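Colleague: Return a 3D structure for these sequence lines:
(chains A and B)
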Number of protein chains: 2
Amino acid sequence: MTGTIDFYFDFSSPYGYLASERIEALAEKHNRTLNWNPLLLGFIFPLTGQKPLVDIPMIDEYSMHDFHRSAREYGIVYNHPKTFPLSTIAACRAFYWLQTNRPEKTAEFVHAVYRAYFSKGQMIAAASDITKIANSCGLEGSGIDSANDDPKMKTICKQAVDLAIERGVFGSPFFIVDDEPFWGHDRIEQVDRWLQNNGW
Amino acid sequence: MTGTIDFYFDFSSPYGYLASERIEALAEKHNRTLNWNPLLLGFIFPLTGQKPLVDIPMIDEYSMHDFHRSAREYGIVYNHPKTFPLSTIAACRAFYWLQTNRPEKTAEFVHAVYRAYFSKGQMIAAASDITKIANSCGLEGSGIDSANDDPKMKTICKQAVDLAIERGVFGSPFFIVDDEPFWGHDRIEQVDRWLQNNGW
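Modeller: Numbering: from 1, shown residues only, chains lettered A, B, ... in the order given. Predicted coordinates:
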């Protein structure tokens, strides 16, 4: 969509977390509307045969080193979760519940989930974990705790993943600006230059 | 090694090629000695289970788009080879022959091989392809055409790959500065900032 930055991420993606801490400044700089699009790599990795970096020999050690190094560069707190990766279906369904019912809360919720997991040592896999985080965003009694069992949210969540796949999204983070795809936290500077120069 | 940039690459790696066109400027900027280290991903990929990007569903299309896009950004000519990837053993052995016998020619040779393959549509798999490229670097009659069958070069080449693996190198391009590893053409800017700031 022209005029937007479509930001795709999985809530258990370290580089997605790092990108989430930087993407709003980028959107603001270029006067772009930011679209948050959580997705579920568990449904996408089988299509490409990819797997989490920390499950790949040699790349595991490098990645762990780089998560911390790249976080330090941008002044982002990073504490690698003890349980990693984990299912982010509950977080995803809660996000889409918010997008439907309380869209003004989506950004705050994304940050709360990511920070809970990657800086505060909290779990985010269970629906009860997500409810606790939602409550910390002032969403107690909002109805968000029904999202995980809501057939409508299950469908919306699945559709969001399918649509991402249709658009060629295969990793996290992933950015689409004016139909131009960029993969990886380490491409944020390139997206910045692309927007600055109207492409090249 | 302190004071150096150790640059690892495979001669059939598109991002290795792009990095080869930029790495000398980076080394010069930071007053670093540049060490060229060609390696053979064919011996490294089995250790990680990785494979060429163009052989992975979804990632294939993105990568092909990005090879050209990233080349354009840096003003590098890029014509994706018709035969891709291919064996780079002959190129690797010839490189190490040069490093032993005519070290002042190594950089020129790396550029000649990469450009032959990624901009001029030439093949680089056969020893005869490499001899032709070496001749274009003024190496006719130098003896480099013996490298591919030279048991010493076979050994040196294998040792170079083994040493790279020992240092944790698993992809191309890969940079090591002061024992700090960086993977990917899209990390050159980060290496630049790392050197500028003496780390962080």
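Colleague: What parts of chain A come near chain B?
Modeller: By the rule CB under 8 Å from any CB of the partner chain, the part of chain A lying against chain B is A:47-50, A:56-59, A:61-62, A:65-66, A:69-70, A:72-73, A:165, A:168, A:170, A:181, A:183-184, A:186-187, A:189-190, A:193, A:200. Placement of C-beta: from N, CA and C, glycine included.
Colleague: Separate out the buried members of the residues you listed.
Modeller: Those of those that meet the buried threshold are A:50, A:56, A:58-59, A:62, A:66, A:69-70, A:168, A:170, A:181, A:183-184, A:186-187, A:190, by 16 or more other CB atoms under 10 Å in any protein chain shown.
Colleague: And the strands in chain A?
Modeller: For chain A, applying DSSP state E gives strands covering A:4-9, A:33-38, A:174-177, A:180-183.
Colleague: for residue A:44, what are its contacts?
Modeller: A:161, A:164, A:165, A:169, A:170, A:171 (CB atoms under 8 Å, 6 or more residues apart in numbering or on different chains).
Colleague: sorry, back to before: I'd like the strands of chain A laid out as a markdown table, including mean pLDDT.
Modeller: As requested, the strands of chain A are exported to a markdown table (pLDDT from 0 to 100):
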| stretch | mean pLDDT |
| --- | --- |
| strand A:4-9 | 98 |
| strand A:33-38 | 98 |
| strand A:174-177 | 98 |
| strand A:180-183 | 98 |
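Colleague: Output those strands as JSON lines; include the columns distance to residue A:15.
Modeller: What follows is those, written out as JSON lines (distance: least, CB to CB, whole Å):
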{"stretch": "strand A:4-9", "distance to residue A:15": "9"}
{"stretch": "strand A:33-38", "distance to residue A:15": "14"}
{"stretch": "strand A:174-177", "distance to residue A:15": "10"}
{"stretch": "strand A:180-183", "distance to residue A:15": "10"}
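Colleague: For residue A:119, find the nearest of the ones you listed.
Modeller: Across these, residue A:119 has its closest neighbour in strand A:4-9 (15.9 Å, CB to CB).
Colleague: I would like the residues contacting the closest one, please.
Modeller: A:16-17, A:19-20, A:23, A:26-27, A:30, A:32-39, A:164, A:167, A:169, A:172-177, A:191.
Colleague: Stretch A:146-163 now?
Modeller: Contacts for stretch A:146-163 (CB under 8 Å, 6+ apart): A:37-40, A:43-44, A:89-90, A:92-94, A:96-97, A:100, A:127, A:130.
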